[in-house]
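**Student:** Can you look at this prediction? I've put the sequence above it.
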Amino acid sequence: MQISFSLPESQFVTESPEEATRKIRMFAALGLYQAGEISIGAASELAGMDRYEFLEFCKREGVVLRTQTPEELEEDVRNFGAGK
């Protein structure tokens, strides 16, 4: 799925569009994870980070980690086995 929207250029004067996009993805993933909408594995993927980088990002941003449910763990194992 692709989502696009426009941002005023003045908001990102010091950043390239690529850097702004990277940050938006990271914080979107963080917010969805924090709200319980997606698992840590899905959030890591959305953020474009491996799981350990995302966990460190959560820590830096003060987000309390949720314990994975058995279903989330099974999904992560299936995705790992499928090479995702």
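**Tutor:** That came through fine.
**Student:** Tell me which stretches of the chain form helices.
**Tutor:** Counting by DSSP state H, the chain has these helices, from start to end: 17-34, 40-47, 51-61, 70-81.
**Student:** any idea which of the ones you listed is most buried?
**Tutor:** Sort the helices of the chain by mean neighbour count, taking mean count of other C-beta atoms under 10 Å, and helix 40-47 sits at the top with a mean of 20. All C-beta atoms are positioned from the backbone trio N, CA, C, and that covers glycine.
**Student:** what angle sits between that helix and helix 51-61?
**Tutor:** Counting by axes from the mean of the first three to the mean of the last three C-alpha atoms, to 10 degrees, helix 40-47 points 90 degrees away from the direction of helix 51-61.
**Student:** Could you check how far helix 40-47 is from the centre of its chain?
**Tutor:** Distance of helix 40-47 from the chain centroid (C-alpha atoms, centre = their mean, to the nearest Å) equals 4 Å.
**Student:** Likewise for stretch 2-19?
**Tutor:** With C-alpha atoms, centre = their mean, you get 18 Å for stretch 2-19.
**Student:** circling back to that earlier point, adding distance to S6, write the helices of the chain out as CSV.
**Tutor:** As requested, those are exported to CSV (distance: least, C-beta to C-beta, whole Å):
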stretch, distance to S6
helix 17-34, 11
helix 40-47, 21
helix 51-61, 26
helix 70-81, 32
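**Student:** I appreciate the help and will end here.
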